[in-house]
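> model this:
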Amino acid sequence: MEIIIFSDSKVTEKGFAAFTKKKGNSLRLIPVKKLKSELTKLCAGSVVYVDITSLPAKDHTKTITMLNSREDLVSGLIDPKGILIDIASFFHKGGDDYIGKELFKKGITADRISALNEFHGEIEQSADSAADSTIKSLMPSGRDWTKISQGNEYTFCMMFIELDRINEIKRSQFGAGAANPVEIFKSYVENHIVGANGKIWMWMESGGLILFPFDGKSCDNALVAGFRMMLNRKIYSIEQSIFNTLLSFRIAVHIGNTVYKKRGDTGTIVSDSINSIFHLGQKFAEPGNLYLTEHAHHFAPEGIKPHLKTVGQFEGREIFRMKNVL
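Predicted coordinates for the structure are as follows:
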């Protein structure tokens, strides 16, 4: 097995000494400046790491986006100095592995890389489909926020939402003193989720993750709120929005578990459920559509199900999409 590492550090190889000692394993070091040109040449399935300490902080986001643009690679970050603050955001954007300061000192073994490779293959190829497997691991958080405490793990209805055509919107001219269109979109979202007990939990540049308490019986709050946002966007675009085109965004709904921490204190949270919904919203969802996983579909109100259609599988789960009704 070969690992490709983009790094300018001479000590990078030391962290992988245990890996290269095993027969058949090798390490290929490439200067970070060649990341853009070399990334396109790599074969699908390659295990690729970027040494984040070889880059100035201002280039971190751009580099992570570039690395994760190759969805057919097993991508990772090496952070031997522990400089990355928001580790979870790397996974949210599609990353597969993070090697921090302590792990780097301890050394990366061949078994660890093999397990990573196998896990990535299972995510991409296997059909871990039955909603029953999720139902068995439910940790209901209730119908509201009264019994939800920081530091405890719960099952939530999770909603990913992101504004489409963000680069186009950034280039638009709204005039001096005009409101930020992204903030207007955020207000639009907040106005629709507040009555459904939803809370914006993570917010990036043009979208984020919303949590809805889940009682183990129904995901109606999140789905009804999502349907309303989709159905109301045309009227909103005509009557109120400063957008010079139809307000367009993607929604993905999933039921999953995560440790709950207050907003702004979520940078160290690593959750398979959060990774899954970000992947669905950013890699599978098409502009202007609402999607939900089979797990959310299982708990969807009966009145909503006739307005959903199956659109295939993603990461081993059956995915449903809201039918176009307008």
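> name the element the residue nearest to G195 when sequence neighbours are not counted belongs to?
Residue nearest to G195 in three dimensions, not counting chain neighbours: A225, with 7.8 Å by CB to CB, 6 or more residues apart in numbering. Using the backbone N, CA and C atoms, a C-beta is placed for each residue, glycine as well. Using DSSP states H and E, the secondary-structure element containing A225 is helix 220-239.
> burial of the residue nearest to G195, as a residue count?
25 (other CB atoms under 10 Å).
> hmm, it is touching H192, no?
Yes - here A225 reaches H192: they are 5.2 Å apart, a contact under CB atoms under 8 Å.
> where's the residue nearest to M230 when sequence neighbours are not counted relative to A196, distance?
Leaving aside its chain neighbours, M230 sits nearest to L290 (5.3 Å; criterion: CB to CB, 6+ apart). Distance from L290 to A196, counting by CB to CB, to the nearest Å: 14 Å.
> could you pull up phi and psi at G15?
Backbone torsions of G15, given as degrees, to the nearest 10, read phi -70, psi -20.
> so what's the nearest residue to it once chain neighbours are set aside up against?
Distances taken as CB to CB, 6+ apart put F104 closest to G15, at 4.5 Å, once the chain neighbours are dropped. By CB atoms under 8 Å, 6 or more residues apart in numbering, the contact set of F104 is G15, I78, D79, P80.
> you'd agree F104 is in a helix?
Yes - F104 forms part of a helix when assessed by DSSP: H, G, I helix; E, B strand; the rest coil.
> low-scoring stretches of the stretch 1-150 of the chain, by residue?
Counting by pLDDT under 70, the stretch 1-150 of the chain contains low-confidence residues at 118-137.
> try the stretch 151-300 of the chain
170-179, 240-245, 267-268, 270.
> what about the helices in it?
Taking DSSP state H, counting those that start in this stretch as the test, the helices found in the stretch 151-300 of the chain are 166-171, 181-193, 220-239, 272-279, 294-298.
> for the fourth one, packing partners?
In this structure, helix 272-279 packs against helix 87-92, strand 153-163, strand 207-213, strand 249-259, with contacts taken as 3 or more CB pairs under 8 Å, 6 or more residues apart in numbering; DSSP states H and E.
> same check on the longest one?
Under the contact definition 3+ CB pairs under 8 Å, 6+ apart, helix 220-239 sits against strand 153-163, helix 181-193, strand 207-213, strand 249-259, strand 290-293, strand 317-322.
> the same query, at a cut-off of 10 Å, please.
strand 153-163, helix 181-193, strand 207-213, strand 249-259, strand 290-293, helix 294-298, strand 317-322 (3 or more CB pairs under 10 Å, 6 or more residues apart in numbering; DSSP states H and E).
> can you list the buried residues in that helix?
220-227, 229-230, 233, 236-237 (16 or more other CB atoms under 10 Å).
> show me which of the contacts of F104 is closest to D272.
D79 (20.8 Å; CB to CB).
> got phi/psi on that closest one?
phi -130, psi 70.
> surely K309 is in a strand?
Yes - according to three-state DSSP, K309 belongs to a strand.
> pull the number of nearby residues for it.
10.
> could we number from 20 for the rest of this?
Sounds good: first residue 20 from here, last item K328.
> let me see the contact set for it.
F339, R340, M341, K342, N343 (CB atoms under 10 Å, 6 or more residues apart in numbering).
> in three-state terms, label the last one for me.
Recorded secondary structure, N343: coil (three-state DSSP).
> in contact with it, which residues?
M249, G307, N308, H326, K328.
> distance of it relative to K125?
Taken as CB to CB, the span from N343 to K125 is 52 Å.
> save the buried residues of helix 239-258 as JSON lines, and put in distance to G119 too.
Listed next are the buried residues of helix 239-258 as JSON lines, based on distance: CB to CB, whole Å:
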{"residue": "D239", "distance to G119": "40"}
{"residue": "N240", "distance to G119": "37"}
{"residue": "A241", "distance to G119": "33"}
{"residue": "L242", "distance to G119": "37"}
{"residue": "V243", "distance to G119": "41"}
{"residue": "A244", "distance to G119": "37"}
{"residue": "G245", "distance to G119": "36"}
{"residue": "F246", "distance to G119": "41"}
{"residue": "M248", "distance to G119": "38"}
{"residue": "M249", "distance to G119": "40"}
{"residue": "R252", "distance to G119": "41"}
{"residue": "Y255", "distance to G119": "44"}
{"residue": "S256", "distance to G119": "45"}
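> right, I'll leave it there.
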